[in-house]
Every structure is written in C-alpha cells, then in structure tokens.
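*Asks:* model this:
(one chain, ligands or ions: 1)
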Amino acid sequence: MKDIRVKTRRRLRFAQVIAILIVFFLGYRLVKIQLVEAEVYKRDALLQWTKAYDITSDRGLIYDRKGRKLAINTVAYTIWASPSDMEDPLLAAYMLRPILEIDEEELVKKMTSDSNVVRLKQWITSEDAEKIREFNIKGISIVDDSKRLYPFGNYAAYMLGFTDVDNNGVYGLERVYDRYLAGTPGIWVKATDAANRQLPYDGEKIYEPKPGLSLIISMDEIIQGFAEDAAQRALEANRAKSVSIIVMDPETGEIMAMANKPDYDPNNPREPLDPELAEQWKELDSVELQNQWFQMWRNYAINDLYEPGSTFKIVTAAAALEEQSATLNSHYFCNGFIRDIKGVVIRCSSWYDPHGDQDFETAFSNSCNPAFVGMARELGRDKLYEYIKAFGFGQVTGIDLPGEQKGLIPASVNSIKEVNLATLSYGHNIAVTPIQMITAMAALGNEGKLMTPMLAKSLVDETGKVVQQFKPQMKRQVVSKDTAQKILHMLEKTVLEGTGKKAYVPGYRVGGKTGTAQKSINGVYVDKKFIGSFGGIAPVDNPRIAVLVIVDEPSDIYYGGTVAGPFAAQVIEQTLNYLEVPKIYSENELQAIQEIVEAPDVIGMSVSEAGRTITEMGLKYTTEYEDFNLETTITDQYPSPGTAITKGSIIDLYLEKGEHNPALSEEIP
Ligand SMILES: [Zn+2]
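*Replies:* Numbering: from 1, shown residues only. As a prediction, the model looks like this:
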C-alpha cells in the first residue's frame, strides 16, 4: 500500500510540475509576443501593406593630394515603370523607344511584368528626362539619381577603378574604400494597398541617407599627367604590348603617379578606347567579352609579374655591402663568361669585349653579370635569400589596391642551387611586380628604410573635417644609411657613364638602373619577347622621387636603357621641375649647354670609324646591340645628320643586324 501511495504522490507531484511548466511557458510566450517580438510582428505586418524604397546616399568624392576632383557625382535620371499603374504599355513603349534606345518588345515586357516597379533605364540626360516628363505617361516616373563621373577620363583609371550601376565600387580605390565612400542609404517607407496605390495612412516615414566620406589620395594629377604622357609615348615609340610607369615618394611610400597603357575610360569601362578593338569586340560572345574586360582592367603595375633583370642587381650589391662580404675596394674579373657551373654557361652582356678587372663600382655601372655572380657567391645563398625577402620580394607590398600579386621567389634557401644563386644575382629566374621593384628601389632613396606603398592619405566628411588619416608605414630598415648612399652613388654613376645613359637629365642628379629580361610565360623563356625597364631615383643627394618604367614586349630594340630610359628621364625632369627642385649644372654640363654642334653623318660608316668621328666632336654614342664587331656597318642614326645638338649629347647608332644573339639568356646547351 505504502508503495502505491508513494507512487501516486509522485505522479501527482509530477503532474503539478508539468502544469506549472506549461503555465510558465504560456506566460513566457505571451510576454515574448507582446513585448519582446512586438516590433518584429508589427514590422512584418507593416511590410504586408507598406513598401520601402531605398534613397541612395551621395557617394564620397575622390581628390588628388592638391584637392583636384578625380571622381565626382553628377545628376542623372533614372526611368522607372510601375506596371500596375500603366494604362497602355504598348503605346508607352512606342513613345519611349526612340529616347531610351531600347527595343519596344523589351520595354513592353518590363512594363507588363508582375514587379511593383521596374527600372527601364538608368542615367539618361536631363534633355531626355524632360522629353519623357512632357509625355506625362501614367505609371512612368523619373527619379533624380547620381552617376559617378571621372573628369579626367582615362587618367589614373587603374588607380581609381569604377563603380557598377548601383554605385558600388568594383575596381581600384572605388572598391578598396567602398565602405567609406558609399555612405548609408536612406529608406522611404510608405503604406500602399494591393494595387500599390499609396494609402492615406500616417505610417509613412523617411530615414535620411547619410552621405559617404570623401577620399584624398597621394596622387598628384599633374605628375600623373607626366606619367600618362610618357607611358603613351613609350608605348607608341616601342610599338610595345604595354607600358607601366610608377612615381613614388621614397620617404613616405606615397604613390604620386601610376599609369598603364593601353588603358580604358572608367566612365565607360566596358568599351575599349581603341575604336578598331571596339569593332572587334562586337563579334565576341559574352564569355569572351568578359575575359577581354578583365584583361583590360588588370592593373599591370600590381597584378602582373615580370623578370626584373639587371635592376635587381641593386639587391645583390646592397646585400653584399651591408654584410661586408664585399667592399667598394673588392675586385671582380670578367672574361665574358662563367663556366664553372655544370651544364650551364653564363655570359656577360659584354661577352664580346670582356670587362676584365673591375672594382665594385665599375662592375656595378658595367652591370657585369660575372661580377655579380662572384658577389653572390661571396655573400652566400642564405644571406642573398634573406635580403631578397627583406627588400619585400615574394610577398605583397600591402598597397591599398585590389588584386596585388606576391611574385615568385625560391620557396626556401635549400631550393637555391648553384645555378639559381648565380642567376638570382642578376635578376633572372625570379618574378616580381612593378610595385615591389619600385618599393625596393625607393628604400635606397630613403636611407635604407622600406616603406609600405600607399595611396589613401585621408578620409574627410561632407564638412571637410578629417575623419581618418593614413600615416606612412615603415616596414623595416633593410640596409644602413651608409649602404643606401653607396648604392645611390653607383646608380648615379650608371646613369652618367654606364648602361643608364639614356635617363641622364642635365642639371638633375639622376641615379638609375636598366633592366632587360627575356619574357617567361608559364616558366618557359619565350624567344624574342622581352621586357625592358628602368628604375631611377632623383636627385641622388636628396631623393624626392623614385620612378619605374616597364615596357612589355617592345618591337625591334629591346634593351631597357633604350626602350625605357628616355621616358624615365622625361618623367623625372618634368616632375622635379614641377616640385620646384632647382637644377644645378656641373661645369661640364654648363660648358656643353653653351656649345651647340651639328650631329655628324655616320650612316654607312663602320662602328670604329663612327665612334672616332663622334667622340672627336665631344659627343657620345650608344649601340644597343651586342652582336656586332668594330667593322659592323651603321644603317641609321638618331638624331639624324645635321640636327643641332649640345656637346655631350648621345647619338644612337642602329646597326646592320647579325644573327639574333640572346646575350642575356644564360643557358647554352
Ligand atoms: Zn663583364
């Protein structure tokens, strides 16, 4: 009995607990629905008979460092249809077709769809909007809208990027800073009945949009203009595939200009600027077309890799001096070749006329490959690898632009074999981006301090108040100030006497290095496809700018000094002039400026004969070909005979072509 009673009591207790739990649960639900979730239910109910419309916020503008407007908004008009209000879609489509330039059929389809509102066309002109307004078609509305406009057209297209039809940033700075530029859209909530007619209900509410912040960048529109101009000239003069020019402030890492050619106009990013190309694109299907667009929007300066060639020798030289595995008194002997690596013969670019014994500086300005191989061997692969990484290669620089590549360096020290150590020393078998190369060079113009390249300077609100400031960031001290200065001095010597002569600017102390590399596609060297480049710093005694010019696949002449040097010189001279850096002429320069001579006629002469004639007149000459001997005949010259030139000027000699001689390719089977 006792057991049963206990059992019953237990059951009762259990039922009680359950009942209490149920009461609590119901109470909780009630509280939750009435108090906690009331807003949610109310909103859902509201949404059944209200409509919310986005009110677009004003996108922030983009300014250059001097406050010039690079990206602005203009008023444009968007035409909307609300199908349920339309009385005669066929007639409306017939009337709108010529103005909107859209198929009648397509218009009718949109006007009879079951959406509440349909966008017929975005961004029409005010004249067109006015015409449509005069038609006064029921169910058609014209809404003020804003359209992104880039007043400088294709200038700095790769930096700025562009926005999509909804004003979202999709490329360039527009994308990276989209969340600041975009602002917060407002909402207009209004009550409507089932047919979308507005109800006389006071539930209508407007949440004001918040405008986006404006972006001020380090680019200077004037310097950008110099770079754009030089890039276009280099593209045409070399009949090249593409040209990239970057100008950087070595002290801060700020980008002052970045130009790529060919380019596109961000105001109309899906249409190539070349009318012939535009015609060809009409034949493409949508997949092919998209590929072409992505190709066109690639920012070569940060998205593409290239083999730097001799410009990379600054890394080897700086590392050797810093580690004291070499000094300026070190000597290197060049007999034209390096033959002690099994299966490989490396040759100097001057193999036909070996450099012989040279000290460190001379080897540098001669750009002698065997000397650099010697330098790298003394330094050792661990140290060379350490400096390649310290200068920022093999990792992204962190520039505030999308899609940056990190380049290709050996995966580890152990993967650097004897032959790799040799080729790395002169910049082969390594792939870098232009932005990595100029950042590394700029470190030498900044007392050895490597900076993070940057574009954004600050974000300001609509009243002009600075909301956020972006400070220059130093990554690391790569080499000492002393080493950096030694390299700068040698870079100047290279421009005055060595392979960088074409970038010489009288009055400014320019330092620089030329690079020429055979192009590799998917790791295989492509015959007769080259990339010529020039990297420079000026003035070397107080560096204000670092400049890099990359010429991809120039036709005919492919030596960096010729294809890129003169254009670097142009940008350097114009930029330093603009920055009001005074020109200081050396004695020799002053003398040369005062003495004008006529360029002699050396066409048809042999190299030795022409060389004598030219030097006797106080002029200099270059022959960019390496496969010639002193008896080779000159077929053309620049400047042409009779042209007035100053003493000390350089005459380019074009030679009778011999067998193609890939003097810079290191492997001879
Ligand atoms: Zn040599």
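*Asks:* Please count neighbours and contacts with C-alpha atoms only from this point.
*Replies:* Fine.
*Asks:* Then Ala129 would be within a helix, right?
*Replies:* Yes - judged by DSSP: H, G, I helix; E, B strand; the rest coil, Ala129 forms part of a helix.
*Asks:* Quick one: residues contacting the residue lying closest to it once chain neighbours are set aside.
*Replies:* Nearest residue to Ala129 in three dimensions, chain neighbours excluded: Tyr77, at 6.5 Å (C-alpha to C-alpha, 6 or more residues apart in numbering). Contact analysis of Tyr77 by C-alpha atoms under 8 Å, 6 or more residues apart in numbering lists Gln122, Trp123, Ile124, Thr125, Ser126, Ala129, Ile142, Val143, Asp144, Asp145, Ser146.
*Asks:* does the second one sit in a helix, a strand or a coil?
*Replies:* Reduced to three states with three-state DSSP, the structure at Trp123 is strand.
*Asks:* my guess is it meets Ala76, correct?
*Replies:* Yes - between Trp123 and Ala76 there is a contact at 4.8 Å, judged by C-alpha atoms under 8 Å.
*Asks:* Can you pull the residues that touch both of these two?
*Replies:* Shared contacts of Trp123 and Ala76, counting by C-alpha under 8 Å, 6+ apart, come down to Asp145, Ser146, Lys147.
*Asks:* For the residues you listed, which single residue is the most surrounded?
*Replies:* Lys147 (23 neighbours; other C-alpha atoms under 10 Å).
*Asks:* Can you list the low-confidence ranges for the stretch 1-150 of the chain?
*Replies:* Scanning the stretch 1-150 of the chain for pLDDT under 70 picks out 1-7, 31-53.
*Asks:* Find the closest residue to the ion in it.
*Replies:* Arg65 (44.7 Å; C-alpha to the ion).
*Asks:* Could you confirm Gly535 falls within a strand?
*Replies:* Yes - under three-state DSSP, Gly535 sits within a strand.
*Asks:* And for it, the neighbour number?
*Replies:* Residues near Gly535, counting by other C-alpha under 10 Å, number 31.
*Asks:* List the residues that contact it.
*Replies:* Thr311, Ile438, Met441, Gly512, Lys513, Thr514, Ala546, Val547, Leu548, Val549, Ala568.
*Asks:* Tell me the residues of the stretch 201-350 of the chain that contact the ion?
*Replies:* Cys334, Cys348 (C-alpha under 5 Å from the ion).
*Asks:* Dead centre of this structure: give me the residue that sits there.
*Replies:* Nearest to the geometric centre of the chain sits Ala301, at 3.9 Å (C-alpha atoms, centre = their mean).
*Asks:* Phi first, then psi, for it.
*Replies:* Dihedral angles of Ala301 (phi, psi; degrees, to the nearest 10) stand at phi -60, psi -20.
*Asks:* need the strands for the stretch 201-350 of the chain, in chain order.
*Replies:* If DSSP state E, counting those that start in this stretch is used as the criterion, the strands of the stretch 201-350 of the chain fall at 205-207, 214-217, 242-248, 255-261, 331-334, 337-341, 344-347.
*Asks:* Point me to the residue of the protein nearest the ion.
*Replies:* Closest point on the chain to the ion, by C-alpha to the ion, is Cys368, at 3.8 Å.
*Asks:* Name all residues that make contact with that residue.
*Replies:* So Cys368 contacts Cys334, Cys348, Ser349, Ser350, His355 (C-alpha under 8 Å, 6+ apart).
*Asks:* Apply 7 Å and report the result again.
*Replies:* Cys348, Ser349 (C-alpha atoms under 7 Å, 6 or more residues apart in numbering).
*Asks:* And for the one 5 residues further on?
*Replies:* Contacts for Val373 (C-alpha under 7 Å, 6+ apart) come out as Ala422, Ser425.
*Asks:* Let the chain start at 569 from now.
*Replies:* Got it, the first residue is 569 from now on, which makes the last one we talked about Val941.
*Asks:* Next one, pLDDT for it please.
*Replies:* Val941 is assigned a predicted lDDT (pLDDT) of 97.
*Asks:* Now do the SS call for it.
*Replies:* Strictly by three-state DSSP, Val941 counts as helix.
*Asks:* picking up where we left off before, and the residue nearest to Ala697, what are its bridge partners?
*Replies:* Ile692, Asp712 (DSSP bridges).
*Asks:* helices and strands of the protein: which one bottoms out on pLDDT?
*Replies:* helix 606-617 (a mean of 61; mean pLDDT, DSSP states H and E).
*Asks:* just checking, what's the longest helix in this protein?
*Replies:* When the chain is parsed with DSSP state H, its longest helix is helix 570-599.
*Asks:* What segments of the stretch 819-968 of the chain are helices?
*Replies:* Applying DSSP state H, counting those that start in this stretch to the stretch 819-968 of the chain gives helices spanning 843-849, 854-865, 868-871, 881-890, 928-934, 937-947, 949-958.
*Asks:* okay, the ones you listed in a markdown table with distance to Gln1159 next?
*Replies:* Formatted as a markdown table, the helices of the stretch 819-968 of the chain follow (distance: least, C-alpha to C-alpha, whole Å):
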| stretch | distance to Gln1159 |
| --- | --- |
| helix 843-849 | 49 |
| helix 854-865 | 48 |
| helix 868-871 | 40 |
| helix 881-890 | 32 |
| helix 928-934 | 25 |
| helix 937-947 | 35 |
| helix 949-958 | 42 |
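*Asks:* wait, which of those helices is closest to Ala660?
*Replies:* Closest to Ala660 of the helices of the stretch 819-968 of the chain, according to C-alpha to C-alpha: helix 854-865, at 30.5 Å.
*Asks:* circling back: show me what contacts the residue nearest to the centre of the chain?
*Replies:* Contact analysis of Ala869 by C-alpha under 7 Å, 6+ apart lists Ser812, Thr1001, Pro1002, Ile1003.
*Asks:* Number of residues surrounding the first one?
*Replies:* Ser812 has 28 neighbours, counted by other C-alpha under 10 Å.
*Asks:* Tell me what it is bridged to.
*Replies:* Beta-bridge partners, per DSSP bridges, of Ser812: Asn828, Ile1118.
*Asks:* what about it, distance to Tyr718?
*Replies:* 21 Å (C-alpha to C-alpha, to the nearest Å).
*Asks:* which stretches of this structure have low pLDDT?
*Replies:* Using pLDDT under 70, the flagged stretches of the chain are 569-575, 599-621, 758-772, 1090-1091, 1124-1129, 1160-1161, 1192-1197, 1225-1237.
*Asks:* what residues does it put near the ion?
*Replies:* So the chain meets the ion at Cys902, Cys916, His923, Cys936 (C-alpha under 5 Å from the ion).
*Asks:* Between these, identify the one with the most neighbours.
*Replies:* Cys936 (27 neighbours).
*Asks:* Give me the phi and psi for it.
*Replies:* The phi/psi pair for Cys936 (degrees, to the nearest 10) reads phi -80, psi 110.
*Asks:* ok, now how distant is it from Lys850?
*Replies:* 50 Å.
*Asks:* Glu929 too?
*Replies:* 56 Å.
*Asks:* more crowded one of these two?
*Replies:* Higher neighbour count among Glu929 and Lys850: Glu929, with 22 against 10, using other C-alpha under 10 Å.
*Asks:* Could you find the closest non-adjacent residue to Tyr1153?
*Replies:* For Tyr1153, the closest residue by C-alpha to C-alpha, 6+ apart turns out to be Gly1075, at 4.4 Å.
*Asks:* what secondary structure does the one you found sit in?
*Replies:* Quick answer, by three-state DSSP: Gly1075 is coil.
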